[in-house]
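K.L.:
What follows is a predicted structure for the sequence shown.
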Amino acid sequence: MTPRVKEILGWYGADNPGTLANLARLMNHGRLAGTGKLVILPVDQGFEHGPARSFAPNPAGYDPRYHFELAIEAGCNAYAAPLGFLEAAARDYAGDIPLILKLNNSDSLGTDRDPIQAVTGSVADALRLGCAAIGFTIYPGSARQYEMFDQISALAEEAKRAGLAVVIWSYPRGSALSKEGETAIDVVSYAAHIAAQLGAHIIKVKLPTDYIEQAEAKKVYLEKQIPIATLADRVRHVVQSSFGGRRIVIFSGGAASSDDKIFDEIRAIETAGGFGSIIGRNSFQRSKADALKLLSQVMDIYAGK
Amino acid sequence: MTPRVKEILGWYGADNPGTLANLARLMNHGRLAGTGKLVILPVDQGFEHGPARSFAPNPAGYDPRYHFELAIEAGCNAYAAPLGFLEAAARDYAGDIPLILKLNNSDSLGTDRDPIQAVTGSVADALRLGCAAIGFTIYPGSARQYEMFDQISALAEEAKRAGLAVVIWSYPRGSALSKEGETAIDVVSYAAHIAAQLGAHIIKVKLPTDYIEQAEAKKVYLEKQIPIATLADRVRHVVQSSFGGRRIVIFSGGAASSDDKIFDEIRAIETAGGFGSIIGRNSFQRSKADALKLLSQVMDIYAGK
Amino acid sequence: MTPRVKEILGWYGADNPGTLANLARLMNHGRLAGTGKLVILPVDQGFEHGPARSFAPNPAGYDPRYHFELAIEAGCNAYAAPLGFLEAAARDYAGDIPLILKLNNSDSLGTDRDPIQAVTGSVADALRLGCAAIGFTIYPGSARQYEMFDQISALAEEAKRAGLAVVIWSYPRGSALSKEGETAIDVVSYAAHIAAQLGAHIIKVKLPTDYIEQAEAKKVYLEKQIPIATLADRVRHVVQSSFGGRRIVIFSGGAASSDDKIFDEIRAIETAGGFGSIIGRNSFQRSKADALKLLSQVMDIYAGK
Amino acid sequence: MTPRVKEILGWYGADNPGTLANLARLMNHGRLAGTGKLVILPVDQGFEHGPARSFAPNPAGYDPRYHFELAIEAGCNAYAAPLGFLEAAARDYAGDIPLILKLNNSDSLGTDRDPIQAVTGSVADALRLGCAAIGFTIYPGSARQYEMFDQISALAEEAKRAGLAVVIWSYPRGSALSKEGETAIDVVSYAAHIAAQLGAHIIKVKLPTDYIEQAEAKKVYLEKQIPIATLADRVRHVVQSSFGGRRIVIFSGGAASSDDKIFDEIRAIETAGGFGSIIGRNSFQRSKADALKLLSQVMDIYAGK
Amino acid sequence: MTPRVKEILGWYGADNPGTLANLARLMNHGRLAGTGKLVILPVDQGFEHGPARSFAPNPAGYDPRYHFELAIEAGCNAYAAPLGFLEAAARDYAGDIPLILKLNNSDSLGTDRDPIQAVTGSVADALRLGCAAIGFTIYPGSARQYEMFDQISALAEEAKRAGLAVVIWSYPRGSALSKEGETAIDVVSYAAHIAAQLGAHIIKVKLPTDYIEQAEAKKVYLEKQIPIATLADRVRHVVQSSFGGRRIVIFSGGAASSDDKIFDEIRAIETAGGFGSIIGRNSFQRSKADALKLLSQVMDIYAGK
């Protein structure tokens, strides 16, 4: 147990030893073991965008075993997926990598007003599949946001009682927000704070822009001259908004962009005290060799190489 | 236990021995026992379209015992029906054929906006009736789709704990989809993938057309040149979309068409690695002799004869 | 135990001995004991239409004891009523007549869009009051029909586990149906079939007219030349639609008409293999002497006299 | 135990000895003990109309102890109030007077479409506070009436199992009724009947006018010449509508009117076989001396003095 | 135990010793221990207004430990916060200060029609975190007010059974009220009364203005000449409305105003028999030294210095 991991575990004083052990498993696995940094492979794209859009670019990904292997070979800290994908191979790779069961999911076949997700798994499912954590998406700003807060509050209590860790994907969305506002710095840092208040051990947000959505917030950002000009500034602000840096916050990059742009982002996250990345499409939608190379370079940055 | 059945069971590593035994019962019963292929008789038409429309063409079908006998004599792998039909004769044919209790059902007396089905049975009902599996319909694309996902997720967890298998009928439908889109190749393969992610052991979809519904998907189908020209191509794509072929996917034909057309479809399914058919109206709406002949020919194709 | 009652019990192979014993109690009580025919007295009119409209024609009926006595003296097979009416006298007549607790009820004070009923009793209530069965109304065709199907499915499972029988009042109603369609032959036989599929032991429907409501159904009735010209034809079709005659189906007459018309209807039901009648307003809204006479004549017809 | 109280208890044959003992406590307490008549003090006005409108006329009433003392000194049969008011002094006056916990309440700060009340207490609360009964308001005619029927049905079952009595305040209200119709004789007697059917031991309604709201009912009132001209006629009809007089029905007077009018009303109730009164604002909104005098005169009338 | 604390505990005769002990803990902690006065630090602003708007004015407040320390050093009676903030440091300061877990929370990212809050914690959470009380916000006047009343009624019952105290934040809000009406004297005193009736041990309201919102109430205020001219008058009226002064009522000041204005308000509360203050933004949004000074001056006033 490295001092850094010990330090981070020290932030979670309300948790039982079971949950701390699972948080430790997440931080002590893979190439970044012991650094307090995390690179997680999430594969819920099939549910969210459909199989062809997700896996046709690299057809090996149709097979649920592929993603376990990718995550293991790359030395990721964990692999996160919906129920079906985990059920399909959890026995084959039992003990090989920490798993996160994504408990709610959405698809893109329906209409998107009042966005919410379906609850597609349970804490009992996570336990029987040997997971280290549950994952859950909230949409702060949606007309149905409080339903999701109610759900994760109940699930988190149950998960913590069972010794699991809780990962919240906090994605602002809904009719009360502009499209640009979904990644605005004030909104993303607010979303991170909400996830922390809801009891998340690990918070996942999108990288924020320097746009400010809410007039009331804008006044404070200007008056207090909160630095948000660079991506590192903004990551630092999100981390600060997550209990003064005492919660693990990781970032996603969204749709595929150039690798160089990804590395720049990772460097900004690393510099600013972010805790890591969750990299889905950019890893499983290219060949395994290419994905391993990409993830290796990302981890190099987080490892300070 | 044939090697093929063993192989298929190997895909379901997350299940307990009880569920595996029931999956094996389904695959090891009837004329196709041991082949890994399934022909299932479903009779929920009475609920869905009313008794006269369903059974007047062959009035023997008003009697619930008829369908048990048809399924048994034809050597089907299983018989699927709503609560009442199973209650009415399960004792008489106990042990003679694996049963699937359809846990939700709809009728055609109400209006169809926001399509959903009524929950008309429970896992406890399936157990007391000696069933091997529960069946459940979802309508991906419906405004109420997530309610159905919530329901089947909870029911599937309970069924698996009790050692039952889970069969999901995945029928895209709803105001977000065009009529043609309900059987579009992108939508049907997406529906199969969703059922797999929800934890289905066996997935039932309609045979897809070569129409592509969603613009975002169309780009990928064209760019990656996914073959969808022939029915066999499309079945292959649906099977691939169901965890790279590691989930049992069976197909329904819908309303009665000519027998030759049915056989052509079965041949395409067989050629392309589909796992079988679920044949309702085309079997119970003709005389038993004719139905037995039809089912025999279908099974011949699946048996490679 | 007569052969006929034994035969009928044989149709309910999925039930436990407790439920079979209660079904037998219903069939072996009163003047029609052992015939397999049933005449049941239902008194939920006070709830449905108010006390004055229900009982002013025969004020003795304001007293809940009156209906027990009427049912007992007339030799009815059972007495069905809401919670309050049964609570008020169940101890006084304990063991004197099988009781059916009507678990949902409606009034005519509110508006009637989206018709549903209130759940006003429980299986536990039925057990503590010594009932043989629960009763429940569904409105196939209502926008809220699936809520009612969900409710009765859960209640029926609980009732059967507790050894009670299940009686479903299946009354098509709702914005998707025309007023004439509520008693159309296709709709009534469909409603009977739905009740059977929901697991009813005894189904209660209204006597159907020869009107056909649904276009899709009309095609089949014409093409298959299903006889619906006479009332006996239609009763026969409804009985056939209820699992080929293997479910007990009884009929109600609705508002008061002439006694001769009632007897004609009873004769048609008897001739066509119907299982009996549920006669409310036509019995309790006249003097007891007149009611006993009417019921006696009705039972004479069912007894083949 | 007087013969009259014994007689009344005899009407509740479905109840366990615990509930009968609590009904007996209600009838055997205070100045009217043993007469079968009841005068109950209800104080839910603070919740319903706010503290100033309720208690400024007699500021002693701000203190929850005042109402216990008023009820005790006046010799009322029981004191009914929401959770907070009972919690505030139940220990101080434990055993001094039977208590009724009002389980639902409304305020006048919100809008009143679809009237319903909030559930603000439980059967467990009633038990821990030493209550003899639960109280519950229904609004027959409201678009949400069946929700309230569902609620009280479940609560009443639980209360009866726990040996408590059930008091239902049945107040017709809602968009389906005219303002005048809320106290129409047909509607009030219907409301009393519904409460009885829902299993109430004690029913509370408003004094009805001679207006008839519903056309269908009007026909019967005219045809059967039901007497409704005098208040005594109407009370007699309401009592008859409550299971032929075999349920305890008490009446409220509503907002303050002249004392002489109150006494006239009480005389009509007494003459016509009503079981008593529930007198709130007219007692606690005047000085204690005046209130004791009023209640004494009311009880004199009920005691036949 | 001072006589004053004993006296106050005497008002809560319905509570078990566990709850009384926790109420005593709240009153016997900090600088005002034993006086019966309370100054509580609440920090739910991060959830309600976002992290930057809440903590940028004093960035030390991003760290959840800061607020525990501020409350402890200032000698507050208790510290109230949402789940995340308490989880983050409850172990570090276990036993150092009584805690109140705020069980519901809202954010300002969504739209505000039909205001309600999300339930973000449970009684079990409060117990595992060692809290003395639960906190809950209601919005009397909101179209969803009864949902919140239902929720707190159930939570309060559970909390009291577990020996916790119950604090209700009662904030009138909703389409039925004008903006000015939210702090009107009639509405605020009504809101305090509702909280008391719902079973609150401690009630938190905003300081009221002399505006009167409701016409029906206005008549009574004028006729009975209820004094509301000065702030002290109004505090006195709110205290009286809370069970004649037999419930603990504390006040919040809202957004930052001048310190002198705060002290004037505190003096008015103290003079009029109010029980204390809950001071959030005015304390944690300035430097700790300044906050300690402010809170010290406030406590001086309550301590009668």
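P.N.:
Nice, thanks for sending it over.

K.L.:
quick one: the strands in the stretch 151-300 of chain A?
P.N.:
A:165-170, A:202-206, A:248-252, A:276-278 (DSSP state E, counting those that start in this stretch).

K.L.:
gap between the last one and the chain center?
P.N.:
In this view, strand A:276-278 has its centroid 7 Å away from the chain centroid, taken as CA atoms, centre = their mean, to the nearest Å.

K.L.:
With the longest one instead?
P.N.:
Strand A:165-170 sits 7 Å away from the centroid of its parent chain (CA atoms, centre = their mean).

K.L.:
Ok, the third one next?
P.N.:
With CA atoms, centre = their mean as the basis, strand A:248-252 stands 6 Å off its chain's centre.

K.L.:
Give me the helices and strands touching that strand, please.
P.N.:
Judged by 3 or more CB pairs under 8 Å, 6 or more residues apart in numbering or on different chains; DSSP states H and E, strand A:248-252 is in contact with strand A:38-42, strand A:202-206, helix A:231-241, strand A:276-278. In short, each C-beta sits where N, CA and C put it, glycine included.

K.L.:
Now do the first one: distance to the chain's middle.
P.N.:
Which is strand A:38-42. Relative to its parent chain, strand A:38-42 has a centroid offset of 7 Å by CA atoms, centre = their mean.

K.L.:
Give the other helices and strands that it contacts.
P.N.:
Going by 3+ CB pairs under 8 Å, 6+ apart, strand A:38-42 lies up against helix A:64-74, strand A:78-81, strand A:99-102, strand A:248-252, strand A:276-278, helix A:288-302.

K.L.:
Save those as JSON lines, and put in mean neighbour count and distance to A:Gly181 too.
P.N.:
What follows is the helices and strands packed on strand A:38-42, written out as JSON lines (neighbours: other CB atoms under 10 Å in any protein chain shown; distance: least, CB to CB, whole Å):
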{"stretch": "helix A:64-74", "mean neighbour count": "21", "distance to A:Gly181": "32"}
{"stretch": "strand A:78-81", "mean neighbour count": "28", "distance to A:Gly181": "26"}
{"stretch": "strand A:99-102", "mean neighbour count": "28", "distance to A:Gly181": "25"}
{"stretch": "strand A:248-252", "mean neighbour count": "24", "distance to A:Gly181": "18"}
{"stretch": "strand A:276-278", "mean neighbour count": "26", "distance to A:Gly181": "22"}
{"stretch": "helix A:288-302", "mean neighbour count": "18", "distance to A:Gly181": "28"}
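
K.L.:
Skipping adjacent residues, who's closest to A:Phe68 in space?
P.N.:
Once flanking residues are discounted, A:Phe68 sits nearest to A:Tyr93: 4.5 Å by CB to CB, 6 or more residues apart in numbering or on different chains.

K.L.:
is it true that that neighbour touches A:His67?
P.N.:
No. Checked against CB atoms under 8 Å, the pair A:Tyr93 and A:His67 is beyond contact range at 10.0 Å.

K.L.:
ok so, going back, arrange the helices and strands packed on strand A:38-42 in JSON lines, one row each, with mean pLDDT as further columns.
P.N.:
What follows is those, written out as JSON lines (pLDDT from 0 to 100):
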{"stretch": "helix A:64-74", "mean pLDDT": "98"}
{"stretch": "strand A:78-81", "mean pLDDT": "98"}
{"stretch": "strand A:99-102", "mean pLDDT": "98"}
{"stretch": "strand A:248-252", "mean pLDDT": "97"}
{"stretch": "strand A:276-278", "mean pLDDT": "97"}
{"stretch": "helix A:288-302", "mean pLDDT": "97"}
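
K.L.:
still on that earlier bit, could you confirm the residue nearest to A:Phe68 falls within a helix?
P.N.:
No. Judged by DSSP: H, G, I helix; E, B strand; the rest coil, A:Tyr93 forms no part of a helix; its state is coil.
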